[in-house]
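> here are the coordinates; sequence isn't available:
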């Protein structure tokens with residue numbers, strides 16, 4: 001700007017505008033001191049947002065924070081007469097910001113933080129451990145990176161943790177499985193380590209580990225400690241070894257999906273203990289042997305789907321054939337003689353001539369944690385999964 005007069009006018013105008021904005025902020029009247037404290041925190045986060053397709057942040061103006069879109073106020077537990085920001089619900093807003101640090105961790109009375117389906121990045125700030133009222137944290141379907149947010153391990157009040165569809169990597173701290181969580185959703189990240197063995201019991205009801213890169217065996221301690229689970233989703237990982245017989249302890253589960261892994265060996269007889277299960281999926285593994293008749297017989301009334309396709313099973317008995325005819329049991333692409341839709345003889349031969357991984361403590365596959373009294377030890381042998389001979 002070459003004209004000195006115009007430059008002077010511009011500077012005077014800019015200073016006047018800044019002073020006007022400062023004066024307007026100073027004269028804002030808040031209904032509670034706690035709202036006044038978080039006002040600059042919210043405005044600071046607003047300044048980081050570079051994409052707002054639904055013009056959400058246009059409502060973040062003035063002292064009535066409780067009317068801001070996505071913000072919800074309530075009385076904090078420590079003062080029933082006070083008013084504070086108690087929950088954040090940005091689900092589906094598609095906001096873009098490089099980080100949530102300095103925002104979530106500076107809202108001291110926050111109880112719920114739901115930001116599903118946005119474009120928030122960076123890492124989860126460690127200072128969230130200081131949010132003493134936070135019990136639901138949903139940051140799914142964003143662009144978060146780094147290791148598992150270990151700060152949540154020190155939050156005993158947390159009951160709901162959803163970090164699905166991000167780019168978290170590395171291992172999972174074993175302590176998280178022992179926390180007082182009802183829901184733990186970790187699927188669709190890039191976790192790569194094996195699952196840890198854990199001490200004690202777990203209270204988790206819904207657990208999803210699907211679509212990661214977890215490897216190694218399924219830890220017996222995790223399955224044994226999670227008898228309260230109603231949904232078990234371990235599909236599309238790189239788990240190896242045999243299916244532990246402790247799976248029969250998941251007697252409250254209605255859905256168990258461990259498809260798309262590298263599990264091998266026979267199906268454990270303990271599956272017959274899963275009286276409430278409706279959907280069982282072991283498809284796309286390296287399982288072989290006979291499909292246990294006891295499983296088909298005792299679960300036939302409740303099962304909606306039992307998928308064993310894309311394995312190397314070699315025998316189906318009368319009860320299991322009934323489930324095939326009903327469309328409940330899927331045995332396509334196995335090695336069952338005289339059954340339609342099976343692998344070629346060459347493909348089955350190639351699999352069975354290779355050295356097999358035989359499950360350690362194979363006798364334990366006949367262990368029944370539910371203790372069917374009407375099946376004697378002699379009769380139960382008829383239901384035992386058998387190692388199939390080479391075709």
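Sure thing, it's come through. Predicted, not measured: the structure shown is a model, and the values here were computed from it. Residues are numbered from 1 along each chain as shown.
> CA atoms for contacts and neighbours, from now on please.
Fine.
> quick one: end-to-end length of stretch 272-285, please.
End-to-end distance of stretch 272-285: 20 Å, with Cα to Cα, to the nearest Å as the criterion.
> mind checking how far it is from the chain centre?
19 Å (Cα atoms, centre = their mean, to the nearest Å).
> now do stretch 54-62
Here the centre of mass of C-alpha atoms in stretch 54-62, compared against the chain's by Cα atoms, centre = their mean, lies 32 Å away.
> ok, residues contacting that stretch?
Around stretch 54-62, the neighbours that count as contacts under Cα atoms under 8 Å, 6 or more residues apart in numbering are 28, 43, 46, 67, 68, 69, 93.
> surely the third one is in a helix?
Going back to what we said before, that points to residue 46. Yes. When classified by DSSP: H, G, I helix; E, B strand; the rest coil, residue 46 is found to be part of a helix.
> near it, how many other residues are there?
Counted with other Cα atoms under 10 Å, residues neighbouring residue 46 total 15.
> excluding sequence neighbours, find me the nearest residue to it.
Among residues not flanking residue 46 along the chain, residue 57 sits closest, at 6.8 Å (Cα to Cα, 6 or more residues apart in numbering).
> if we can go back for a sec, ok, of the contacts of stretch 54-62, which come out buried?
With neighbours counted using 16 or more other Cα atoms under 10 Å, the contacts of stretch 54-62 contain these buried positions: 68, 69, 93.
> residue 290 against residue 312, yeah?
No. Taking Cα atoms under 8 Å as the definition, residue 290 is not a contact partner of residue 312, at 9.4 Å.
> how far away is the nearest residue to residue 327 once chain neighbours are set aside from residue 263?
The spatially closest residue to residue 327, leaving aside those adjacent along the chain, is residue 305, at 7.9 Å (Cα to Cα, 6+ apart). When distance is defined by Cα to Cα, residue 305 is 20 Å away from residue 263.
> again with residue 321
Using Cα to Cα, residue 321 is found at 24 Å from residue 263.
> and residue 239, that one's in a helix?
No. With three-state DSSP as the criterion, residue 239 is located in strand rather than a helix.
> so who does it touch?
Going by Cα under 8 Å, 6+ apart, residue 239 touches 214, 215, 216, 217, 218, 261, 262, 263.
> who's in contact with the residue lying closest to it once chain neighbours are set aside?
Across the structure, with Cα to Cα, 6+ apart as the measure, the residue nearest residue 239 apart from its sequence neighbours is residue 215 (4.5 Å). Residues in contact with residue 215 (Cα under 8 Å, 6+ apart) are 192, 193, 194, 195, 237, 238, 239, 240.
> likewise residue 330?
Contact criterion Cα under 8 Å, 6+ apart gives 305, 306, 307, 308, 309, 324 as the residues in contact with residue 330.
> so the fifth one touches residue 280, yeah?
It stands for residue 309. No. With contact defined as Cα under 8 Å, residue 309 does not reach residue 280; the gap is 11.6 Å.
> could you pull out the buried residues of stretch 120-134?
Using 16+ other Cα under 10 Å as the test for burial, stretch 120-134 gives 120, 121, 123, 124, 125, 128, 129, 130, 131, 133, 134.
> ok so the fourth one is a strand residue?
No. Under three-state DSSP, residue 124 sits outside any strand and is assigned coil.
> read off the pLDDT value for the closest residue to it other than its chain neighbours.
If you skip the residues right next to it in sequence, residue 124 has residue 149 as its closest partner in space, 6.0 Å away by Cα to Cα, 6+ apart. In the predicted model, residue 149 carries a pLDDT score of 95.
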